[in-house]
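A.B. asks: A predicted structure for the sequence below; I have some questions about it.
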Amino acid sequence: MLVLNPLEVIPTKPAAMYDPSKYYNSSDLGPFSPAGYSWSLGFDKPGTYEYLCLVHGDLGMKGRITVVAR
């Protein structure tokens, strides 16, 4: 039996600009995704933001976004 965690499979974007107090999730992207093929999020403060794949995190699938001042 496959049990899906709604935090992993439902796209979540409470705001268009990143707010560290909120939870964001692109979910799986592609032809069968509720989010479709793309998902975006804006960052308005310089800094380093780390993220991970909730499905493949144990395999090391993670990344880092670096935002620099103009």
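C.D. replies: Right, received. Where do you want to start?
A.B. asks: Can you show me the strands along the chain?
C.D. replies: Under the criterion DSSP state E, the chain contains strands at 47-52, 62-67.
A.B. asks: Just put those strands in a markdown table and tack on mean pLDDT and mean neighbour count.
C.D. replies: Every residue, glycine included, has its C-beta placed from N, CA and C. As requested, those are arranged in a markdown table below (pLDDT from 0 to 100; neighbours: other CB atoms under 10 Å):
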| stretch | mean pLDDT | mean neighbour count |
| --- | --- | --- |
| strand 47-52 | 94 | 12 |
| strand 62-67 | 96 | 10 |
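A.B. asks: Turn these into a markdown table, including distance to residue 10.
C.D. replies: Conversion of those to a markdown table gives the following (distance: least, CB to CB, whole Å):
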| stretch | distance to residue 10 |
| --- | --- |
| strand 47-52 | 17 |
| strand 62-67 | 20 |
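A.B. asks: Can you verify my assumption that residue 49 contacts residue 64?
C.D. replies: Yes - the pair residue 49 and residue 64 passes the contact test of CB atoms under 8 Å, sitting 7.0 Å apart.
A.B. asks: which residue ends up closest to the midpoint of this protein in space?
C.D. replies: When CA atoms, centre = their mean is applied to the chain, the residue found nearest the centroid is residue 25 (3.8 Å).
A.B. asks: Can you tell me who that residue pairs with across the strands?
C.D. replies: residue 12 (DSSP bridges).
A.B. asks: Can you tell me how far it is from residue 52?
C.D. replies: As for residue 25, its distance to residue 52 is 11 Å (criterion: CB to CB, to the nearest Å).
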